[in-house]
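**Q** pasting the sequence and the predicted coordinates here, then a few questions.
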Amino acid sequence: MTDTTDTRGKRGKWNAARLPDLAGRTAVITGANSGIGLAAARALAGAGAHVVFAVRDLARGGAAAARVNGSTEVRRLDLADLDSVREFAAGWDRPLDLLINNAGVMMLPEQRTKQGFEMQFGTNHLGHFALTNLLLPQVTGRVVTVSSGAHRWADNVIHFEDVNLRGNYRPTRAYAQSKLANLLFTLELQRRLTEAGSAVRALAAHPGWTATNLQSHTANPLVRTFMAVGNRLLAQDEAAGALPTLYAATQDLPGAAYVGPDGPAEMRGAPTLVGRSTAASDPAAARRLWTLSEELTGVRWPLTATVR
């Protein structure tokens, strides 16, 4: 699945035309019905992969898949409902080369998942945490989790005393916490994979500023207006925004690597390895988050090797 071509090789900056041949590979993409998820699905299917659209709405997912050239299927998955996550995983019965944890919600008014978790933490992190661990025995290649430069925003911490932010909720605080959790999850997942002797690699990516419908659901109308203007004037399109995900999914990169755009402030550009905050690099916080996530979801580490 890997291609060792450098981001700035003789043929110019890396793009989706330089994906390796993925014939015979299977990829699951959460939230593949729109945005960078759909762009990634289109590119992977175009390279020969069989792409599974893991989506809340089967009708919308089917309509999106019908616009993709290549081998696709659509399965229902609601990351805000752990029962749905378990149902999806229980129905998976074959090897999985690539799991892309892409779906997410952004800066919503305060809401709760079916199990009562703060919606952004519950969807962006806990749903993907449970899905990954439940599918991991079948994963043979990569787990790529989509984070954001927003992991540096607000408090830049996981509120371990109350991850649901009851009485302490702000849309930006909740979103930043969930995106920080994505990076800490990737860090601890790779540590556990390494200790288990697994060849699977866990990586993270972020799309920079990409024009999608995600920003239209933010709680603050002024922020929505700002985002709409920025999408028109500053943002890159969905195909460009998907490149860091595709690069993380297919290139010869170390486990726990983080990929983003190479332009100013990582807002746009070709995919490359990027840095993360000190908080996102904290192994103790990553382990603590993992333990808490197991307690909240009831989903445990599935591999047999003992993890210290």
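**A** Done, it's in.

**Q** pull out the buried positions in stretch 260-279.
**A** For stretch 260-279, the neighbour count (16 or more other CB atoms under 10 Å) marks 260-262, 266-274, 276, 279 as buried. For every residue, glycine as well, the C-beta is placed using N, CA and C.

**Q** please disregard the earlier target; I meant stretch 145-153.
**A** Buried residues in stretch 145-153, counted by 16+ other CB under 10 Å: T145, V146, S147, S148, G149, A150, H151, W153.

**Q** need the max-distance pair from the buried residues of stretch 260-279.
**A** The span of the buried residues of stretch 260-279, defined through CB to CB, is set by A270 and A279 at 26.7 Å.

**Q** run through who's touching the longest strand anywhere in the chain.
**A** Criterion DSSP state E: the longest strand present in the chain is strand 139-146. Strand 139-146 is touched from outside by 1, 25, 36, 95-102, 104, 128, 132, 136, 182, 185-186, 189, 199-207, 245, 248-249, with contacts defined as CB atoms under 8 Å, 6 or more residues apart in numbering.

**Q** number of nearby residues for the residue lying closest to A16 once chain neighbours are set aside?
**A** Using CB to CB, 6 or more residues apart in numbering and skipping residues adjacent in sequence, the residue nearest A16 is A43, 4.3 Å away. Residues lying near A43 (other CB atoms under 10 Å) number 25.

**Q** again, but for the one 5 residues further on
**A** Other residues near G48 number 15, with proximity taken as other CB under 10 Å.

**Q** now do the same contact list for it.
**A** G48 neighbours (CB under 8 Å, 6+ apart): D21, L22, A23, G24, R25, G70.

**Q** name the SS class of it, please.
**A** Put simply, G48 is coil when judged by DSSP: H, G, I helix; E, B strand; the rest coil.

**Q** apart from its chain neighbours, what residue comes closest to it?
**A** Leaving out its chain neighbours, the residue that sits closest to G48 by CB to CB, 6+ apart is A23, at 3.6 Å.

**Q** report the inter-axis angle for the helix ranked longest in the chain versus strand 139-146.
**A** Across the chain, the longest stretch assigned as helix under DSSP state H is helix 171-195. Angle between the axes of helix 171-195 and strand 139-146 is 160 degrees (criterion: axes from the mean of the first three to the mean of the last three CA atoms, to 10 degrees).

**Q** ok, and for helix 171-195, which residues are buried?
**A** Result for helix 171-195 [16+ other CB under 10 Å]: buried residues 171-194.

**Q** from the chain's centre, how far out does it sit?
**A** Helix 171-195 sits 10 Å away from the centroid of its parent chain (CA atoms, centre = their mean, to the nearest Å).

**Q** which element follows that helix toward the C-terminus?
**A** Per DSSP states H and E, helix 171-195 leads on to strand 201-205 as the next helix or strand towards the C-terminus.

**Q** how about that following strand as PDB, C-alpha atoms only?
**A** Output of strand 201-205 as PDB, limited to C-alpha atoms (Å, rounded to 0.1, in the frame of the first residue of the first chain):
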ATOM      1  CA  ARG A 201       0.200   1.600  12.000                       C
ATOM      2  CA  ALA A 202      -1.800   4.400  13.500                       C
ATOM      3  CA  LEU A 203      -1.500   7.900  12.000                       C
ATOM      4  CA  ALA A 204      -3.300  11.200  12.100                       C
ATOM      5  CA  ALA A 205      -4.000  13.900   9.600                       C
END
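
**Q** which elements pack onto it?
**A** Secondary-structure packing of strand 201-205 (3 or more CB pairs under 8 Å, 6 or more residues apart in numbering; DSSP states H and E): strand 139-146, helix 171-195, helix 243-250, strand 258-261.
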